[in-house]
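S.K.: Have a look at this prediction, sequence included:
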There are 2 protein chains.
Amino acid sequence: MSTLRTALTELVGVQHPVVQTGMGWVAGPRLVAGTANAGGLGILASATMTYTELESAITKTKTLTDKPFGVNIRADASDAPHRIDLLIRESVRVASFALAPKQELIAKLKAAGVVVIPSIGAAKHAKKVASWGADAVIVQGGEGGGHTGPVATTLLLPSVLDAVDIPVVAAGGFYDGRGLAAALAYGAAGVAMGTRFLLTQESTVPDSVKHEYLARGLQDTTVSRKVDGMPHRVLNTDLVNSLEHSGNMRGLVAAARNASKFKAMTGMKWSTLVKDGLAMKKSSDRTWQQIIMAANTPMLLKAGLVEGNTHAGVLASGQVVGLLDDLPTCKDLIDGIVADAIKRIDALGALRA
Amino acid sequence: MSTLRTALTELVGVQHPVVQTGMGWVAGPRLVAGTANAGGLGILASATMTYTELESAITKTKTLTDKPFGVNIRADASDAPHRIDLLIRESVRVASFALAPKQELIAKLKAAGVVVIPSIGAAKHAKKVASWGADAVIVQGGEGGGHTGPVATTLLLPSVLDAVDIPVVAAGGFYDGRGLAAALAYGAAGVAMGTRFLLTQESTVPDSVKHEYLARGLQDTTVSRKVDGMPHRVLNTDLVNSLEHSGNMRGLVAAARNASKFKAMTGMKWSTLVKDGLAMKKSSDRTWQQIIMAANTPMLLKAGLVEGNTHAGVLASGQVVGLLDDLPTCKDLIDGIVADAIKRIDALGALRA
């Protein structure tokens, strides 16, 4: 089929300028390989995997696809350098970061031929990582799911495009061919989508949870700071509403309990948790309470997205959930988006007078 | 110069698919004529004018331009039918509405050859006014200024485009040629902009206030319900911050005082204010307190936008304010937007592979 060649497709060597983001608990080998085989860039979420789990996930993904894919790493994790070595050893094509990695880690990855694409939330952060050698950035407008900022894509995207010369991938509010055409019109090199890929056949999120998402409307997400102290766009489930209206102490107690569970599950030592916490303290202005809350997020997301317990869990989601009503395969999704974007682009040319 | 021909330019008979919205206190004859003479669609804000002032404003605008322009009317104002007769008598090209007008008023305007373009905030409202005969709609995403909703343009716009067959004009987050190209890529018939036109040479907002806007960043607006009970995106001035943190009683007292001033200024009778309030009660689920707060808004906006008193006033603004750093003429603004949009559209064609 015909496609759209952009700075992203050239940089990464994928067929289509469409990225599946590294959603914690959601972006595993099956979804990533599904995206890769459909010609997009799939990104494994390693933040919710132990080192050993990441190792297996990379191996598994390689058995499912021979196309390039990426891995998302929490740059502030204490074993981030170890994970980066793994990516290099495994010749993973793209390293994606939720927080900007250190300059020397970027250099190491690039020297090994790994493409470095951090996610950033403001023009000044884009400038910083570009000056450190990042190959491209993903920027997510406030309408996007999970951790998100207050500025909408229509403004955040052009502000980042104006700030850097490297390719910019647009996220937040994208789900169809119109959106891809619009992102390219702004000058972006492609779109990245989370919620849209969560709601595909290849996504391993339990069916009951997928249907919970599909039933939601455009105003059924909320940005809560009660999950982990940072603004987080999630479905406004009963749990989230009750967190929003509870005092801080109740949230803190639940957070400590969940941090403890997360530790047990991942085999993390308390010393590691404290070390990660200290790194987090250093790289942000969060309070200790927020650090404990942060350890909370993975468990709350897991309860929802893996165990299908929507009463106990938190379901990260973009506003886009209100417009989605199907569960396509990755191939049907990406083919449809690209074909429609091309139609839109052709139609635009006809407006010239 | 070359331009872009869309359903909007055809419908209204303007050269460019660019609309200047009917901002209260801001969109007067000088700005509207400036927009019209530059080939865009300028809309007079009549909600903050008495009937007599509107009469003069239309006359004045006609002395400044022979191009088509529009008038924005509060459909729930008690003298709305009277104002509509005025528009028909004066052969005003476009009637715009902040709230959907009654079906018979739409019919009357259309029979007289006036183009009817209500602003709507959700797909279901677009459907309703389309079924009532509206010729087009303006839809504003949450990043836009003044009264606004929670859903961003990237999602609200396609949801409305999917809901109706009439032309849809996109608002919220637009200010340049990239945005126009993106809006057209979504399938919109053009863009409407408020804050961008407030910050032009022809805008009569005091220079000191314009510079207050220009100094603001992307995160310097806030959506407050404390101004009039409805979500209102404004610059986060000290006044707004103090309203946000004050109890309801303090806000209510200030509101009653301002409602009284507004009444005095516009020569409105208390009976009219109560009649308007009753109409508002009927057409929305606002409490009486919110109705009193609503009467508050015009005075707070006037203090800021007309009198230049940014300490006492409220300054409606889109998030876009963070990206604006100049005060162009309407002609330079619109010419630049259209020329750049055309460049973007041409560049898009080159991505096809």
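M.R.: Ah, there it is.
S.K.: So what's the residue count around A:Gly42?
M.R.: A:Gly42 has 33 neighbours, counted by other C-beta atoms under 10 Å in any protein chain shown. The C-beta positions use only the backbone N, C-alpha and C, and glycine is treated the same way.
S.K.: So which bits of the stretch 201-350 of chain A are right by chain B?
M.R.: Contacts of the stretch 201-350 of chain A with chain B, taken as C-beta under 8 Å from any C-beta of the partner chain, map to A:218-219, A:319-320, A:322-323, A:342, A:344-346, A:348-349.
S.K.: Pick the one among the residues you listed closest to B:Thr52.
M.R.: Ranked by distance to B:Thr52 (C-beta to C-beta), those are led by A:Gln219 at 40.5 Å.
S.K.: Look up the closest residue to that closest one, ignoring the ones flanking it.
M.R.: By the measure of C-beta to C-beta, 6 or more residues apart in numbering or on different chains, the closest residue to A:Gln219 outside its immediate chain neighbours is B:Pro150, 5.9 Å from it.
S.K.: Just give me the neighbour total for A:His245.
M.R.: Counted by other C-beta under 10 Å, the residues lying close to A:His245 total 9.
S.K.: same thing with A:Leu31?
M.R.: A count of neighbours around A:Leu31, defined by other C-beta under 10 Å, yields 26.
S.K.: who touches it in this structure?
M.R.: Contacts were defined as C-beta atoms under 8 Å, 6 or more residues apart in numbering or on different chains; by that measure A:Leu31 touches A:20, A:42, A:197, A:200, A:202-204, A:330.
S.K.: try it again with 10 Å
M.R.: A:20, A:23, A:42-45, A:61, A:197-198, A:200-205, A:330 (C-beta atoms under 10 Å, 6 or more residues apart in numbering or on different chains).
S.K.: Restricted to strands, list those.
M.R.: In strands, defined here by DSSP state E, the members of these are A:20, A:42-45.
S.K.: Reformat the residues you listed as JSON lines; add pLDDT and distance to chain B.
M.R.: Converted to JSON lines, the ones in strands among the contacts of A:Leu31 look like this (pLDDT from 0 to 100; distance: C-beta to the nearest C-beta, whole Å):
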{"residue": "A:Gln20", "pLDDT": "98", "distance to chain B": "18"}
{"residue": "A:Gly42", "pLDDT": "98", "distance to chain B": "21"}
{"residue": "A:Ile43", "pLDDT": "98", "distance to chain B": "21"}
{"residue": "A:Leu44", "pLDDT": "98", "distance to chain B": "26"}
{"residue": "A:Ala45", "pLDDT": "96", "distance to chain B": "23"}
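S.K.: what's the distance between the residue nearest to A:Gln219 and B:Glu143?
M.R.: The spacing between B:Pro150 and B:Glu143, counted by C-beta to C-beta, to the nearest Å, is 10 Å.
S.K.: Now the common contact residues for these two.
M.R.: A:143, B:156, B:223.
S.K.: Among those, name the ones in helices.
M.R.: B:Leu156 (DSSP state H).
S.K.: Out of the shared contacts of B:Pro150 and B:Glu143, which end up buried?
M.R.: A:143, B:156, B:223 (16 or more other C-beta atoms under 10 Å in any protein chain shown).
S.K.: Which parts of chain A belong to which domain?
M.R.: Following automatic domain parsing, one finds the domains of chain A at A:7-205+A:325-349, A:217-305.
S.K.: distance between the ends of the last one?
M.R.: Okay, so that is domain A:217-305. 19 Å (C-alpha to C-alpha, to the nearest Å).
S.K.: Which residue, other than its chain neighbours, is closest to A:Ala80?
M.R.: Take A:Ala80 and drop its neighbours on the chain: the residue closest to it by C-beta to C-beta, 6+ apart is A:Ile73, 5.8 Å away.
S.K.: coming back round to it: so which of the domains of chain A is the most surrounded?
M.R.: Across those, the average number of neighbours (mean count of other C-beta atoms under 10 Å in any protein chain shown) peaks for domain A:7-205+A:325-349, which reaches a mean of 22.
S.K.: That domain spans what distance, first to last residue?
M.R.: With C-alpha to C-alpha applied, domain A:7-205+A:325-349 spans 21 Å between its terminal residues.
S.K.: Also stretch A:204-217?
M.R.: Distance between the two ends of stretch A:204-217: 22 Å, counting by C-alpha to C-alpha.
S.K.: Which positions in it come out as buried?
M.R.: Taking 16+ other C-beta under 10 Å as the neighbour-count basis, stretch A:204-217 is seen to contain the buried residues A:205-206, A:209-210, A:212-213, A:216.
S.K.: related to what we said a few turns ago, nearest to B:Asn309, out of the domains of chain A?
M.R.: With distances scored as C-beta to C-beta, the stretch of those nearest to B:Asn309 is domain A:7-205+A:325-349 (27.2 Å).
S.K.: Kindly provide the distance from A:Asp238 to chain B.
M.R.: Computed with C-beta to the nearest C-beta, to the nearest Å, the distance linking A:Asp238 and chain B is 20 Å.
S.K.: Likewise for A:Val227?
M.R.: As defined by C-beta to the nearest C-beta, A:Val227 lies at a distance of 19 Å from chain B.
S.K.: Need the per-residue pLDDT for that residue.
M.R.: A:Val227 carries a pLDDT value of 72.
S.K.: tell me the secondary structure for it?
M.R.: Under DSSP: H, G, I helix; E, B strand; the rest coil, the three-state class of A:Val227 is coil.
S.K.: Walk me through the regions of the stretch 1-150 of chain A where pLDDT falls short of the threshold, as ranges.
M.R.: Across the stretch 1-150 of chain A, residues meeting the criterion (pLDDT under 70) sit at A:1.
S.K.: Show me where it has its helices.
M.R.: Taking DSSP state H, counting those that start in this stretch as the criterion, the stretch 1-150 of chain A contains helices spanning A:7-12, A:29-37, A:51-64, A:80-89, A:103-111, A:123-131.
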